[in-house]
Structure formats: C-alpha cells, structure tokens
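Enquirer: I would like the atomic coordinates for the input below:
(chains A, B and C)
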Amino acid sequence: MALPPPHGHEGADGDGRKQDIGDILHQIMTITDQSLDEAQAKKHALNCHRMKPALFSVLCEIKEKTGLSIRGAQEEDPPDPQLMRLDNMLLAEGVSGPEKGGGSAAAAAAAAASGGSSDNSIEHSDYRAKLTQIRQIYHTELEKYEQACNEFTTHVMNLLREQSRTRPISPKEIERMVGIIHRKFSSIQMQLKQSTCEAVMILRSRFLDARRKRRNFSKQATEILNEYFYSHLSNPYPSEEAKEELAKKCSITVSQVSNWFGNKRIRYKKNIGKFQEEANLYAAKTAVTAAHAVAAAVQNNQTNSPTTPNSGSSGSFNLPNSGDMFMNMQSLNGDSYQGSQVGANVQSQVDTLRHVINQTGGYNDGLGGNSLYSPHNLNANGGWQDATTPSSVTSPTEGPGSVHSDTSN
DNA sequence: GTCAATGATTCCGC
DNA sequence: GCGGAATCATTGAC
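Expert: The predicted structure follows:
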C-alpha cells in the first residue's frame, strides 16, 4: 500500500510512521474482539491518535477510487423515459400538477365524443369525483413517500456522519448514499405513478364503456318518437330539423334519433302485423289530439273571421297527427284526398275526425283488422311511399292548405 | 336463466 | 353521407 506522506508529518522518521500506522491498523482489527467499554476507550484513543487524520484521508481516497470504478457507470442516469411518460400522463389527466377541475377536460372530451348529450352530466360528475379521489390518494401517498425518504435520508446521513469518525466515510460517499436512497425511493414513486396511471386508465375505460352501454330511452321519449313515426308513416324520414327537434324533446342525440328511426323502419317493415296494434294506439291518440286542436281552431275561426285560414303552429310536429293522419282518416271515410281541398271547410274536417274517432272507438271495437295505419304505405318492393304523396300534407294545426314536406329523402 | 325488446354498430349499396 | 339490413349487446320481464 503506497501511502502518501501524512500532512504535517513530512520529514518525520519513516520507520516511526510505519510503526504508528501499524499500531492503528492493529487496534482497528482487534477492536471488535474487545468489550464495549474497552472498544469505546480504544475508539477514543484512535480518534485522538496523531496519525488518524492521515490514515483516514488515505483510506477515504482508496475507497473513493474503488467505489468510482464500480459505481461510476451508474451515476448521472439519464431521465427514465417511462417515468417521463407516466409524469406526462398524470399531468394530462390532471392527477399531478396544479388542480384543474379534476379532469373536467377529459370528461368534456368524452362528452363531446358521446354526442354532447346533457344526460351524461351525472356520469361526468361521477368521473370527476373518482378522478379527484385518485388525485387525492396519489398526493397523499406521494407526500408519505417524500416524508419517508427525507426521514430515512437524514437518518442515514446522521449514521454515516457518526460512523465517519471511526471508519473512512467521505462526504462524497455520504452524498452518493443519499443519491442511492433517493433513487430507491423514486423507483417506489414510479410504482405509485404506474398504479395511479392504471387506475386512471381503468376509470376512463369504464367511463367510456358506460357510455357505450345501451340504455332504454325514457317512456316519454319513445312516445314522442312513436307518435312522429306513426303520424308520418307514409314517409317516416324526419328531416334534419325534425330530428333535431325530436332529439331535443326526447333528450337524446340526433344520431340516436336516426338510429331509432332506422331500427323502427326496418322492424316495422319486417313485422307490420306486430306493430299494427301500436300503430292503432298512436293513431287513436293523435286523432284525439287532432280533434281537440281542430275544434279549438274552429272555435278560433268562428270567433275571428269565417274566412281566416286556420294558422296553427308553424312546421312543428307538436301535434303529431299531421299528414298521414288525414290521409288515413279520409281513406277510412271513403273520401279521396284532394290537396286543393285542404283549405276548404274546416268544420267538415272536424266532422271527419269525429267520425273516425267514433268509428275506431278506441281502435278495438269490433272493427277487427281495421287500422288507422295500414301497410299500404309501403311499396310493393318494400320501400316507403314517395314523400311527395299526399300523405305528407301538413297537419290541421299548420293551417289548411299549407303543405309540409315531412322529410324528402 | 331464458327470451323478447331495443339501442348501437357495422357493412354495403346508392 | 344516408338508409337498409344484419348483427351485436344490453335491458327488463318472466
């Protein structure tokens, strides 16, 4: 072992120094074999030994050299790409970083993807609540880890400082040890981040799956859609505006309306007989509504001016018995529909309505197969009648004579 | 658990 | 892009 000349002892006798170092080393080697009291006394004696600083320095240097060769490659690790990904994800999801509404952005994005229906608000708040929970857990755990890391580091540093009095531990080594501890704790942190990311992913997938789940429309929504369908049976293709209005009324999206009509058309066509009862039901309902509306219109007509055309709601399907309703009712009466006569005598229409209502009498009064809606709306080839057929004439509420093109596809 | 109903998705033709 | 048709997947009644 090539020992450099100890500081402050240059020029001292070489044999004497060797003897001193030999003594110290011997004492260090035998110190563990002695009793605690003896060891303490020896430790004290060693600390006070005049050669101690020199030997300590040398041993530190040797240790440093051997340590560097082993650990050198491990120092200054580049930032872990996986950790960076996790950090970025947590930041994007609003888990880490500043509080930004508990992932409201993610929820909003999901809402947009789902068509922007407001009925998702419950799910959104649920999602936000769960994300906030994850965020809280993450931060609590992170704090715990940091606190534990600091406590452990302090403890180890104190321990090393204490030990540095008796064994060669340089400040650099203490620093390195602190680095090791931090790395260990950051690997634990990475696990925490990974788990948090997984939790967020599961939450997201569940949220998205929930949106994909089929939910039956409300009874009211189905009623509205059915009313429209059966009152436009000759051409059940709602225009974009009508779809939007239906969507609004039913609290569903336009695409859901489209889906519903697509399914309905197919299923109706496939099994008209099965839907006959339903058709009659809605026919009766709409007929009653129409009767009320027309009666009101007549009253209005009489009180105002006998020549004033009845102008009801404009283009709205609020009163569903438009178009087909009249066509069917009139065909039931044996009357042929004349578009030019629409604006004729309102009272006669009321009479017709009353007649039909009486005739159907709740659509189950022994008329047997009689139906307000008959399959004749379908073409021989299975297609629906052209939208330009008289069936698309507007409802009485739109005012006699006005022509309403339901949906011309 | 079964089954019909029903909303959603996918494929295809126009 | 829209609609028809087939199909999937879920719901709700039994």
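Enquirer: isn't A:Arg161 right up against A:Glu175?
Expert: No: look at A:Arg161 against A:Glu175 with C-beta atoms under 8 Å: they stay out of range, at 11.9 Å. Heads up, the C-betas are built off the backbone N, CA and C, glycines and all.
Enquirer: can you list the residues of the stretch 101-250 of chain A near DNA strand B?
Expert: Within the stretch 101-250 of chain A, the positions adjacent to DNA strand B are A:212, A:214-217, A:222 by C-beta under 7 Å from any atom of the strand.
Enquirer: near DNA strand B, which residues of the stretch 251-400 of chain A?
Expert: Near DNA strand B, when you scan the stretch 251-400 of chain A using C-beta under 7 Å from any atom of the strand, you find A:252, A:256, A:259-260, A:262-263, A:267, A:274.
Enquirer: Put the buried members of these into a ChimeraX selection.
Expert: In ChimeraX, a selection of the buried entries from those looks like this (16 or more other C-beta atoms under 10 Å):
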select /A:252,256,260
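Enquirer: which of the residues of the stretch 251-400 of chain A next to DNA strand B has the weakest pLDDT?
Expert: On pLDDT alone, A:Lys274 ranks lowest of these, at 81.
Enquirer: Which of the helices or strands spans it?
Expert: helix A:272-303 (DSSP states H and E).
Enquirer: Then A:Lys193?
Expert: Using DSSP H and E, the element containing A:Lys193 is helix A:171-212.
Enquirer: and if you look at A:Ala41?
Expert: Judged by DSSP H and E, A:Ala41 forms part of helix A:36-47.
Enquirer: Kindly provide the whole-number mean pLDDT of that helix.
Expert: The average pLDDT for helix A:36-47 rounds to 70.
Enquirer: cool, and stretch A:144-157?
Expert: Mean predicted confidence for stretch A:144-157 is 86.
Enquirer: which parts of that stretch are buried?
Expert: For stretch A:144-157, using 16+ other C-beta under 10 Å, the buried residues are A:145, A:149, A:153.
Enquirer: cool, stretch A:170-178 as well?
Expert: A:170, A:173-174, A:176-178.
Enquirer: Dump it to PDB, keeping only the CA atoms.
Expert: Presented in PDB, the C-alpha positions along stretch A:170-178 are these (Å, rounded to 0.1, in the frame of the first residue of the first chain):
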ATOM      1  CA  SER A 170     -16.000  10.800   3.000                       C
ATOM      2  CA  PRO A 171     -18.700  13.500   2.400                       C
ATOM      3  CA  LYS A 172     -18.800  12.400  -1.200                       C
ATOM      4  CA  GLU A 173     -19.700   8.900  -0.200                       C
ATOM      5  CA  ILE A 174     -22.500  10.300   2.000                       C
ATOM      6  CA  GLU A 175     -23.700  12.200  -1.000                       C
ATOM      7  CA  ARG A 176     -23.600   9.100  -3.100                       C
ATOM      8  CA  MET A 177     -25.500   7.200  -0.400                       C
ATOM      9  CA  VAL A 178     -28.200   9.900  -0.400                       C
END
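Enquirer: pLDDT below threshold where in the stretch 201-350 of chain A?
Expert: By pLDDT under 70, the low-scoring segments of the stretch 201-350 of chain A are A:201-213, A:297-298, A:300-350.
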